[in-house]
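[1] Compute the structure for the input listed below.
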Amino acid sequence: MIPSLEALARDGVLSYLDRHFALTLERIASESSQEVLVAAALASRAVRGGHVCLDLARIAREPLLLDSGEVIEAERWPAIDDWRSRLNASPLVGEGPSVTPLVLDADDRLYLRRYWQYQEELAAGIAARAQATDTATEAELDDALLRDGLERLFGLPVVSAAAAAVEPGEQAGLFDPPATSAQDASAPDWQRVAAILALGRRFCVISGGPGTGKTSTVVKILALLVEQALHSGGPAPRIALVAPTGKAAAALSDSIRRAKAGLPCSDAVKQAICEEASTIHRCLGVRPGSTMRFRHDAGSPIAADLVLVDEASMVDLSLMTRLFRAVPPHARLVLLGDQHQLASVEAGSVLGDVCNAEASPASSSAYSPAVVERVAALSGDALPAAAAASQKSGLRDCIVRLTKSYRYASSSAIGDLAQAVNAGDADAALQVLGDPGRPEVSWVEPGGAVDSEQSFRDSVLEGYRGCFGDKEPGERLQALGAYRVLCTHRRGAGGVELLNQRIEFVLRAAGLLDESADTRSDGSGASRGADSVASGRPVMVTRNDYELELFNGDVGVMARDARGAAGVFFPAGDAGVRRIAAARLPAHESVYAMTVHKSQGSEFDSVVLVLPERASPVLSRELVYTAVTRARSRVAIYGGREVLRSAIEQRIARASGLRDALWG
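    Model prediction:
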């Protein structure tokens, strides 16, 4: 017999909100079936866990693992046929067209109606852009000018002989399997291919791991687009650069500002390239008193000819749907991100679904004959052709995967570790970590040959020593950006809250952190104690403040400048640093340690990843991969063998119908 709502709430399976939602539906429809009510509550729970829907087939056959580590056996749920029958008979459940609070699709996925609508709208929007013939878009282009721009910005096509001489780790990239044939060895310049597709289509996705040149590719795409507009005698295109967080938007602005300065193009083109990025929320225009009601939608679209979305893996289903809704039909829409990184905090894994991340690289990097012919004519790059049957949606022609990493050499231990983690090969990852001849990566296991407590203390002291002492704020910020401790969760042993306290204790004991400085913060984020601003404490903003231009995830350091002025100092691009009075600082927290989620979009010279004491649903290969690839030169992992193995072998499997809707 299925457990009651009360029993599931008592066991920690359901939250108060999940239970209340189901009981509300019971009152509305006089529904008495426990199977229906429990399914409704579990669908609510699924959304809180990042899923778009409740996969009834999965939950009926697999144990449910709670965050606490407790296992809820699958035998507690009804047989799938019985569950489906009860749901189909309920007035609360429909197939979609009828207005019901729950929607059950043909694949036994149960949705809260709102999320079913988001999925349907986004799938239709993507398909419409992907299926567009784009003859009008291509007709707008001057092919001779485009060929010249491609050669000038990307160089001449790579010939087979030169390609064959490239090292194996580089020719296929560090984030995909190596080439297996001569044809694979003569790989095209995927950055150049991305530019051709982005200019010739209404929708384009550029996915790539860290250091694969995503941002530099985008800057060149913008330059090519501006050149086309100015050459035709028209105005420069209106470009909207957006990212899911203020931190990511600021990083995008800085990257484009630096990259466009060195472009081999005219000053007029450089000046016309937009370099000011904003958050998606700000671009859409949040209405007062709401976080998800916007001024811009299909009836009042964004004034843009090209919309670029950076860090697209972090964008959830709801927000991506609203963004698609607001992009004008004529505009080009480019998504930029890493399909292998962590998915959004909220419901959905949009970029992974759009990229069909579960497909093999070989099958997902083939194109229609029309695109193959077009690319060959413009650049000489030879693309693999896909079978006609696989081109139903046209989406394959919109996606480019950048695989060659310019950050990690083919012999890089960090690159090899990232590739092993990404492939789910725990044995290979452990072998890299255990190789004493590769000091760039290390692994400290509790109870092992190395004293993990002393090793961690030594690492922290070495990593954060440069943030303290007689140094200017800019020097402290530079030191802070070189080292970071990453965690998988906020609370509990090995979580951000306790680790920040632990690290602070280590720094105080070593005399680096002033004993008299009160470094706590109150609920408003203002620091207590007059000396705390001079302590050198690094802080991370946790709430956007558009007036101060500080955003969730921005990192600064408490210090005094050369004139003795105290405050919190933040990076200010080419201008150096800027000081914010501690009393004006929005909500913030110490940031000796931060979650892997918060680290997305950041890079550090050295990264320490602290794993929890036992496996949990939070741990996944995407999380470990994201943490490892934050490092430029050194990675250390602290955690047990089985916990690490479990994390690498466990994928984020978010229930969603978007992938099936797009790829069939």
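[2] okay, CA-based contacts and neighbour counts for the rest of this
    Will do.
[3] what about stretch 398-417, how long is it end to end?
    Stretch 398-417 stretches 30 Å from its first residue to its last (CA to CA, to the nearest Å).
[4] Kindly apply the preceding question to stretch 197-213 instead.
    Stretch 197-213 has an end-to-end distance of 16 Å (criterion: CA to CA).
[5] ok, so what distance separates the residue nearest to Leu611 when sequence neighbours are not counted from Gly494?
    Among residues not flanking Leu611 along the chain, Gly639 sits closest, at 5.0 Å (CA to CA, 6 or more residues apart in numbering). Distance, Gly639 to Gly494, using CA to CA: 10 Å.
[6] Compare the two (neighbour count), which wins?
    The neighbour comparison of Gly639 against Gly494 (other CA atoms under 10 Å) goes to Gly494, with 23 against 20.
[7] quick check, that one in a strand?
    No: with DSSP: H, G, I helix; E, B strand; the rest coil as the criterion, Gly494 is coil rather than part of a strand.
[8] wait, it sits on Val485?
    No: counting by CA atoms under 8 Å, Gly494 stays clear of Val485, with 10.6 Å between them.
[9] follow-up on the earlier one: overlap in contacts, Gly639 and Gly494.
    610-613 (CA atoms under 8 Å, 6 or more residues apart in numbering).
[10] Narrow those to those that are buried.
    Neighbour-count burial (16 or more other CA atoms under 10 Å) applied to the shared contacts of Gly639 and Gly494 gives 610-612.
[11] Touching both of Gly494 and Val485, which residues are there?
    Joint contacts of Gly494 and Val485 (CA under 8 Å, 6+ apart) are Val610.
[12] Low-confidence regions, the stretch 451-600 of the chain specifically.
    For the stretch 451-600 of the chain, applying pLDDT under 70 flags the ranges 514-534, 562, 573-575.
[13] That one: helices as residue ranges?
    Here the stretch 451-600 of the chain has its helices, by DSSP state H, counting those that start in this stretch, at 452-464, 473-480, 496-509, 596-599.
[14] Same list (those helices) but as a markdown table, adding mean neighbour count and distance to Ile580.
    Formatted as a markdown table, the helices of the stretch 451-600 of the chain follow (neighbours: other CA atoms under 10 Å; distance: least, CA to CA, whole Å):
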| stretch | mean neighbour count | distance to Ile580 |
| --- | --- | --- |
| helix 452-464 | 16 | 22 |
| helix 473-480 | 21 | 12 |
| helix 496-509 | 18 | 23 |
| helix 596-599 | 19 | 22 |
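[15] Indicate which one of the ones you listed is closest to Cys204.
    helix 596-599 (25.2 Å; CA to CA).
[16] where does the stretch 151-300 of the chain have low pLDDT?
    Within the stretch 151-300 of the chain, the ranges that satisfy pLDDT under 70 run 156-186, 289-292.
[17] Out of the buried ones among the shared contacts of Gly639 and Gly494, which sit inside strands?
    Judged by DSSP state E, strands contain the following of those: Val610.
[18] quick check, nearest of the buried ones among the shared contacts of Gly639 and Gly494 to Ala40?
    For those, the minimum distance to Ala40 (CA to CA) is 31.7 Å, reached by Pro612.
[19] Let me see the contact set for the closest one.
    Each residue near Pro612 by CA under 8 Å, 6+ apart is listed here: 488, 493-495, 639, 643.
[20] what does Gly466 give?
    Here Gly466 is in contact with 475-476, 479-480 (CA under 8 Å, 6+ apart).
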